[in-house]
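>>> Need coordinates for the below:
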Amino acid sequence: MSDIIIKTPEQIEGIRKSSQLAGQSLVMIQEFVKPGISTGFLNDKIEAFVRDHGAVPATIGYNGYPKATCISLNEVVCHGIPGENEILKEGDILNIDVTTILNGYYGDTSKMFAVGKISDKARRLINAAKHCLDLGIQQVRPGNYVGNIGFVIARYAKAQKYSVVYEFCGHGVGLEFHEAPQVDHVARKNTGDIMEAGMTFTIEPMINEGRASTKVDKVDGWTARTSDGKLSAQYEHTILVTADGYEVLSDVLGEY
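Down below sits the predicted model:
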């Protein structure tokens, strides 16, 4: 618990503004997600939007990562590297993950997009991933255990006959890209750190159609795919623990 940064009101406002910008970039990009468009084009549009609003993409150069976003297509679980040769086609699903640095503060969010008409099984997976995120968010309040986020996510996913990726997790965010606490999406009940008002972290469950395990591309060192080649879906928000519950800092649509 000692490593967790409890943010000041000034810091929270900075993190909120950065998180809102990240969320707005995902709203902006929606109209460009269609067959024939490259993931490289989507990346460049988001990078320009972020920079035009006085921020920089946190991922560029992070441990050598080359792009402004992560765009993960179909069986890619996370950290997909966008490129001009990766062209969207009808029926694809993709996650776009954006982290912004605005005035020194970090905001992190991602969501799923459908390319044209997608299959029923893909739509069901996407809906389940979103519900997993919502269930996790509902656990956020002072005095609750961080592990209860992963407990409810894993319980629901299993009931839907899906698996939850355990090799990647949510994390504290705000003053740095990755801070304490670690937010596992598979966890035992009443385990982990105790939430306190002023904590900020991401919840970002990755839900797989098949096995939970992943394999990282040996060539680029980043792209993580499902080990069985089946579909994966993910949603992510940056969350603030408030005095009586939570605020979803990256919610730009008023959903929460």
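>>> hang on, Lys34 is in a helix, isn't it?
No: when DSSP: H, G, I helix; E, B strand; the rest coil is applied, Lys34 is found to be coil, with no helix at that position.
>>> Renumber starting at 16 from here on
Got it, the first residue is 16 from now on, which makes the last one we talked about Lys49.
>>> wait, doesn't it sit right on Leu103?
Yes: in this structure Lys49 lies within contact range of Leu103 using Cβ atoms under 8 Å: 6.8 Å. C-betas here are computed from N, CA, C, even on glycine.
>>> With neighbour numbers in mind, choose between these two.
The neighbour count for Lys49 versus Leu103, taken as other Cβ atoms under 10 Å, is higher for Leu103 (22 against 13).
>>> check contacts around the more buried one.
48-54, 88, 109, 130 (Cβ atoms under 8 Å, 6 or more residues apart in numbering).
>>> Next, find the distance separating it from Val130.
Applying Cβ to Cβ, to the nearest Å, the value for Leu103 to Val130 is 5 Å.
>>> list residues touching both of the two?
Looking at what touches both Leu103 and Val130 (by Cβ under 8 Å, 6+ apart), the common residues are 48-50, 109.
>>> quick one, helices of this structure?
Remark: helices of the chain, listed N- to C-terminal, are 24-44, 54-67, 135-152, 162-174; assignment by DSSP state H.
>>> which stretches of this protein aren't confidently modelled?
Across the chain, the stretches falling below the confidence threshold (pLDDT under 70) are 16-17.
>>> So for Lys49 and Leu103, which residues contact both of them?
Each of Val130 lies in contact with both Lys49 and Leu103 under the rule Cβ under 8 Å, 6+ apart.
>>> So Ile141 sits against Ala129, correct?
Yes: when contacts are counted by Cβ under 8 Å, Ile141 is listed as touching Ala129 (7.1 Å).
>>> overlap in contacts of those two?
Both Ile141 and Ala129 are contacted by Ile108, under the criterion Cβ under 8 Å, 6+ apart.
>>> Looking at these two, which one has more neighbours?
When neighbours are counted by other Cβ under 10 Å, Ile141 comes out ahead of the other of Ile141 and Ala129, with 22 against 16.
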